[in-house]
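S.K.: only geometry, no sequence info:
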């Protein structure tokens, strides 16, 4: 047991991350393949281009270190808010939602970037004001920092990404020692205003939640994806149907399979053993990240890593629960595996930040 | 700050992953079979291939009913996103109005994956055009289905019958035998009687499809099996000739080989066109043929019973002779009327026939003679012989819907009418009036029994099914007596009826052909009489027996006798005599 732990300890977060990215590429290749020639894009190829891009981001983050980025946290946050506003004005519509800014070379998703800038701004505020956190101001300012992007992102509308910011906010504030009653009050307020929030939701979002409660209510519409996803995972069995051999995947029964529902392909083609492998890698990653948080003495670094773990864990948990129909299909990506540049780069930057925290620790 | 135990994160993360792993295990290992099955159902479709029904031939192996290819346009509902657009595109493609396509679609819809036929029997050129362009209309397919093709439809309609979609009652019974909803089954005639032989075994193509139901590859193929062919005893030439004979009339005519029971012709008039029942566009004609006042769908030869009139005197004569109560030379005097108490019964010949023995009585069809006979032998004896002649029971011909007719008796009257049998009933009975009802095919059986001097084979239509020969085991005789002399007397009388200068059936006389027969003119309340002619030919060694029945056709000695003459001449031409 101890030996195993030591062995695990040798694994760096980067290696685990690379393993997940490679699995993602293999699965994306299968998701792009179609016998009838239905899809012309090769997602695996495009994703590997994004991975190359993120190598540059890793290099950048490690060179400058997380402290310098924290110094610029508010500026980055302000730029990000501006970008979110810009999206609402000129954004490109995809899947009934405006989420993108066309930068010529690629489509930028400010909501994804917001995960990093929000964490940075939040951590910066908490560490700057760590001795004033027990009064009401210590809660209000972080709340506003959270509320601003959440409202803008919901407006896009991108319910899933907006929701990911909430656990980061609450957990980070909770561990920082903000008065628990403030946190409870805000949660209560959220619950009380939920009927009002329900009315803000777009019809398709309401539909997704209703369909979650009863997928068979609309088996060919909103419930279709979840039903097909469950069939895909369930029909994979213990051993899976084999790479490139999943009928749900290859015969196009599974919509959005290269994005939010990529885990269903792993379930179908790789079977239970495959999904356990992926779960183990994520678990290992989180344990390693928490180890970094454990061993650093810098509160900012610690908070940064904890926020990263919360963010990634929330995405992994909700995504996998979603493809099994255990939670509503809110549209959260699976980090490192789901196709998409913004999401991938953000996840990799967060890991790089954590690695940066680990490296600075040695400086002390 | 940071007073929270760090282990809480680990615990939450571990628990959440255990939760996910547990659910995945449940989904992938425990409920694997269900999901496996569902994923197969997703991708496997069966396209049904209709099997052609067996072909029906006549006695000279000429085709009566076969199948032709019909190009049908169909829609697979589950492959259609917007039925409105699909129908509109199809309408442009095939030139049939969208409204009509939609009507057909609604009427023929069963389940999402079974093709719904919206247009049938497209013109060949149009079909090829559609086939080239059908890819532009997702969900639409062009099927080439076998379609029943009836040749000489009017002439053979009542023998071969027609087919139609299985109805609810039939489906309930036949479901267990693999019949499918909306399948075509025989509804009348040979098509119905031998449906289980004629029906083929449907095949199908098993294909793998993608989510848009586009065919990815073929997984399996089961070729449809054609039904068994049926070979009839009918001669289509005679059938057509008889059909022409009857064209202007309402009635039936049957001709049969007296020894074997092979039916050479069985014609009802009016006939119908069975083709309209396989063409979905001919709904109006179908309804018309069902509602028409002269009931063209009615197989009068077997499914309708009428009073036989004087033709029944044959039975009475046989009963009288066999009972021994009437001898060859027993004679009664006919003055034109017969008094029973205060009631007066008259002969059709007002002047009277004078003294008549049994031969003369039959030849002249003298009512008074038979009234006297009836009074002597009584109704129970006539009833007994009627039953021996096969009346009041189906002949067993291989057609559906045969009725048994009715032979009254004192007991019958007591039980059914709660009345006594009066002597007047006996008088009516002896001349084939009153309660007595027989079908034309029973009349045929009756006359055949005379021709054969005491026995009659069971009439039948199918001589071979596929490779199974049915000839021979159909003979199944009905025999009433071994004593042949009495039949000689009746045969003599039936010969005289045509060939004597005083006979009732003289119009049926043909030089060189010894036709025997009995006319019948049955009175019907407030309408023209029914006309009968039951006969056989030739006198010496009978070969063919026949019966001609005309509903409200006047006197039996007129139109039916004329037809008998033409029929016998034609039979001689065709070499049957």
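M.R.: Yes, it's here. In this text the structure is predicted, and so the values were computed from the model without any measurement.

S.K.: please name the nearest non-neighbouring residue to the residue in the stretch 101-250 of chain A that chain B sits nearest to.
M.R.: Closest approach of the stretch 101-250 of chain A to chain B (CB to the nearest CB) occurs at residue A:234, with a separation of 2.6 Å. All C-beta atoms are positioned from the backbone trio N, CA, C, and that covers glycine. In this structure, residue A:234 finds its nearest non-sequential neighbour in residue B:35, 2.6 Å apart by CB to CB, 6 or more residues apart in numbering or on different chains.

S.K.: got the phi/psi numbers for the one you found?
M.R.: Per-residue torsions, residue B:35: phi -70, psi -30 (degrees, to the nearest 10).

S.K.: ranges for the strands of the stretch 51-200 of chain B?
M.R.: Listed in chain order, the strands found in the stretch 51-200 of chain B under DSSP state E, counting those that start in this stretch are B:56-57, B:63-75, B:116-122, B:140-150, B:163-165, B:184-186.

S.K.: those strands: lowest mean pLDDT?
M.R.: For the strands of the stretch 51-200 of chain B, mean pLDDT drops lowest on strand B:116-122, to a mean of 84.

S.K.: what mean pLDDT does stretch A:313-322 have?
M.R.: On average, stretch A:313-322 scores 94.

S.K.: ok, now stretch A:84-91?
M.R.: Stretch A:84-91 carries an average pLDDT of 80.

S.K.: ok, and what's touching it?
M.R.: With contacts defined as CB atoms under 8 Å, 6 or more residues apart in numbering or on different chains, stretch A:84-91 is touched by A:98-101, A:110-111, A:114, A:149, A:152-153, A:155-156.

S.K.: the residues you listed: which two are farthest apart?
M.R.: A:100 and A:149 (16.4 Å; CB to CB).

S.K.: circling back: of the strands of the stretch 51-200 of chain B, flag the one that's most buried.
M.R.: Relative to the other members of these, strand B:56-57 carries the highest mean neighbour count by mean count of other CB atoms under 10 Å in any protein chain shown, namely a mean of 24.

S.K.: hey, which helix or strand in chain B has the poorest pLDDT?
M.R.: When the helices and strands of chain B are compared on mean pLDDT, DSSP states H and E, strand B:478-479 comes out lowest with a mean of 67.

S.K.: just chain A next, same as before
M.R.: Every helix and strand of chain A was ranked by mean pLDDT, DSSP H and E. The lowest is strand A:92-94, at a mean of 57.

S.K.: if we can go back for a sec, and the residue nearest to residue A:234, how far from residue B:41?
M.R.: As for residue B:35, its distance to residue B:41 is 10 Å (criterion: CB to CB, to the nearest Å).

S.K.: now swap in residue B:317 and tell me
M.R.: Taken as CB to CB, the spacing of residue B:317 relative to residue B:41 amounts to 74 Å.

S.K.: equivalent analysis for residue A:185, please.
M.R.: Distance check for residue A:185 against residue B:41: by CB to CB, it reads 51 Å.

S.K.: still on that earlier bit, between residue B:35 and residue B:41, which one's more packed in?
M.R.: The neighbour comparison of residue B:35 against residue B:41 (other CB atoms under 10 Å in any protein chain shown) goes to residue B:35, with 22 against 11.

S.K.: was I right about that one contacting residue A:233?
M.R.: Yes - because the distance of 7.4 Å satisfies CB atoms under 8 Å, residue B:35 is recorded as touching residue A:233.

S.K.: what sits in contact with each of these two?
M.R.: When contacts are counted by CB under 8 Å, 6+ apart, the set common to residue B:35 and residue A:233 consists of B:27-28.

S.K.: what is the neighbour count of the nearest residue to residue B:430 once chain neighbours are set aside?
M.R.: Spatially, and ignoring its direct neighbours in sequence, residue B:430 is nearest to residue B:374 (3.5 Å; CB to CB, 6+ apart). One way to gauge burial is a neighbour count; for residue B:374, by other CB under 10 Å, it gives 23.

S.K.: on that earlier part again, please say which of residue A:100 and residue A:149 ends up with more neighbours.
M.R.: Set side by side, residue A:100 and residue A:149 show unequal neighbour counts under other CB under 10 Å, the larger going to residue A:149 at 23 against 20.

S.K.: can you tell me the helix or strand for the more buried one?
M.R.: If you go by DSSP states H and E, residue A:149 is part of helix A:137-155.

S.K.: tell me the pLDDT at residue 347?
M.R.: In the absence of a named chain, chain A is used. Per-residue confidence at residue A:347 stands at 94 (pLDDT).

S.K.: you looked at the wrong chain, it should be chain B
M.R.: Per-residue confidence for residue B:347 comes out at a pLDDT of 90.

S.K.: spatially central residue in the chain, please.
M.R.: Because you didn't say which chain, this covers chain A. Against the mean C-alpha coordinate of chain A, by CA atoms, centre = their mean, the closest residue is residue A:315 at 4.4 Å.

S.K.: wrong one, chain B
M.R.: The C-alpha lying nearest the average C-alpha coordinate of chain B belongs to residue B:189 (CA atoms, centre = their mean; 2.2 Å).

S.K.: so which bits of the stretch 101-250 of chain A are right by chain B?
M.R.: Residues of the stretch 101-250 of chain A lying close to chain B by CB under 8 Å from any CB of the partner chain are A:130, A:133, A:174-177, A:228, A:230-238, A:247-248.

S.K.: any quick ChimeraX command for the buried ones out of these?
M.R.: Buried residues among these (16 or more other CB atoms under 10 Å in any protein chain shown), as a ChimeraX selection:
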select /A:133,175,176,177,228,230,231,232,233,234,235,236,237,247,248
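
S.K.: and the lengthiest helix in chain B, what does it pack against?
M.R.: With secondary structure taken from DSSP state H, chain B has its longest helix at helix B:7-25. Using 3 or more CB pairs under 8 Å, 6 or more residues apart in numbering or on different chains; DSSP states H and E as the contact criterion, the elements in contact with helix B:7-25 are helix A:262-295, helix A:299-323.

S.K.: among those, which is nearest residue B:453?
M.R.: Across those, the minimum distance to residue B:453, taken as CB to CB, is reached by helix A:262-295, at 83.7 Å.

S.K.: please see if the closest one touches chain B.
M.R.: Yes - part of helix A:262-295 sits near chain B under the criterion CB under 8 Å from any CB, namely A:267-268, A:271-272, A:275-276, A:279, A:282-283, A:286-287, A:290, A:293-294.
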